[in-house]
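Visitor: Here is the input, now give the coordinates:
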Amino acid sequence: MKFMDNKTELEKMKAEIESKQEEKEKYEKKLVQLQNREKELRKMASLKERKKRNHRLIERGAILESFIEGASGKSNEEIKGILRKAFQKAH
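Guide: Below is the predicted model:
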């Protein structure tokens, strides 16, 4: 009778081990999904920040350009020179 109890107990333990292994695999899969979601959210946040910065730069460039006569026909170096002179006079 003792042998049967040990065998039954061993089978129960093996079943519990298998159950815990399945549970572990389920949580590992969920972890990978959450890590992928985190990467996706970080990427989206980065893109949003980049778009926000680009918008700000374009707006400010347009504002500065509106104060420079004939700005669309000037090179970047010419614009830089004009702005350098303008800001030197301000100091």
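
Visitor: Nearest spatial neighbour of I68, chain-adjacent residues omitted?
Guide: Leaving aside its chain neighbours, I68 sits nearest to I82 (5.8 Å; criterion: C-beta to C-beta, 6 or more residues apart in numbering). Any C-beta I mention is one placed from the backbone N, CA and C, and that applies to glycine too.

Visitor: For the helix or strand containing the one you found, which residues meet the burial criterion?
Guide: Counting by DSSP states H and E, the element that carries I82 is helix 76-90. Residues I82 are the ones in helix 76-90 that count as buried (16 or more other C-beta atoms under 10 Å).

Visitor: and that helix, what does it pack onto?
Guide: Here helix 76-90 touches helix 2-66, going by 3 or more C-beta pairs under 8 Å, 6 or more residues apart in numbering; DSSP states H and E.

Visitor: Between helix 76-90 and the helix it packs on, find me the angle.
Guide: Angle of helix 2-66 versus helix 76-90, following axes from the mean of the first three to the mean of the last three C-alpha atoms, to 10 degrees, is 80 degrees.

Visitor: Report the distance from helix 2-66 to the chain centre.
Guide: 13 Å (C-alpha atoms, centre = their mean, to the nearest Å).

Visitor: For it, which helices and strands make contact with it?
Guide: Counting by 3+ C-beta pairs under 8 Å, 6+ apart, helix 2-66 packs on helix 76-90.

Visitor: now the helix it packs on: mean pLDDT?
Guide: Averaged across helix 76-90, pLDDT comes to 88.

Visitor: Pull the distance from that helix to the chain's centre.
Guide: Helix 76-90 sits 37 Å away from the centroid of its parent chain (C-alpha atoms, centre = their mean).

Visitor: Give me the contact list for that helix.
Guide: Outside of helix 76-90, the residues within contact range by C-beta atoms under 8 Å, 6 or more residues apart in numbering are L64, E65, I68, A71, K74.
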